[in-house]
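1. structure for the following, please:
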Amino acid sequence: MTETQDNRFHFELVSPAKRLMEMPVFQVTVPGQDGDFGIRKGHESFIVSMRPGVIEILKEKNTSSDFVPERFFVAGGFVDISSENCTVLAEEAILVTDLDRATIEAEIVSIESHLVAEAVGGDQKQLSRDLHVAQAKLKAL
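-> Sure thing, here's the model as predicted:
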């Protein structure tokens, strides 16, 4: 076995719509509430909430012996970690390569205009969260 195979652990990425990924991986980096952190085989067990940001998954090395990351934007959620498993329960998960800058920028403008219109009353908390998620998507690009 190679170093990568010996050190891989079970990873699963699940959104409300479907299971997006389930496979052995070498490392996962998640956007925790207190900052990004990496997970490898043997990690201490715990459950942590995520902020909107990017999950980076290192599955295996390519021919040049470099890891090829796969990146997903997540809108938040939870990570359940044990020494042999990591399950991400994401509120929303999208491949970073599927994000479109123009669409996100238009979404931000729309949310900001709704925030101004809803300055008195309305669901400011939800709009503020939507704006935060949209801005995190833009940053992910």
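2. let me see the domain layout of this structure.
-> Listed by automatic domain parsing, the domain ranges of the chain are 3-96, 100-140.
3. any chance of those in TSV, with mean neighbour count and mean pLDDT too?
-> Yep, even glycine has a C-beta here, placed from its N, CA and C like the rest. Formatted as TSV, the domains of the chain follow (neighbours: other C-beta atoms under 10 Å; pLDDT from 0 to 100):
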stretch	mean neighbour count	mean pLDDT
domain 3-96	16	89
domain 100-140	14	86
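4. where along the protein do the helices fall?
-> Under the criterion DSSP state H, the chain contains helices at 3-6, 101-117, 124-140.
5. could you point out which of the ones you listed sits nearest Ile55?
-> helix 124-140 (10.1 Å; C-beta to C-beta).
6. export only the CA atoms of that closest one, formatted as CSV.
-> Extracted C-alpha coordinates of helix 124-140, given in CSV (Å, rounded to 0.1, in the frame of the first residue of the first chain):
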residue,chain,number,x,y,z
GLN,A,124,-33.6,41.1,8.5
LYS,A,125,-31.9,38.2,10.2
GLN,A,126,-32.6,35.8,7.2
LEU,A,127,-31.6,38.5,4.7
SER,A,128,-28.4,39.2,6.5
ARG,A,129,-27.6,35.5,6.6
ASP,A,130,-28.4,35.2,2.9
LEU,A,131,-26.1,38.1,2.2
HIS,A,132,-23.3,36.5,4.3
VAL,A,133,-23.6,33.2,2.4
ALA,A,134,-23.6,35.0,-1.0
GLN,A,135,-20.5,37.0,0.0
ALA,A,136,-18.8,33.8,1.1
LYS,A,137,-19.6,32.2,-2.3
LEU,A,138,-18.0,35.2,-4.0
LYS,A,139,-14.9,34.8,-1.8
ALA,A,140,-14.7,31.1,-2.7
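7. for the helices of the chain, which one sits closest to Ile81?
-> Among these, the nearest to Ile81 by C-beta to C-beta is helix 3-6 (19.4 Å).
8. distance to Gln33 added to the helices of the chain, as TSV?
-> As requested, the helices of the chain are exported to TSV (distance: least, C-beta to C-beta, whole Å):
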stretch	distance to Gln33
helix 3-6	30
helix 101-117	22
helix 124-140	13
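9. noted, bye for now.
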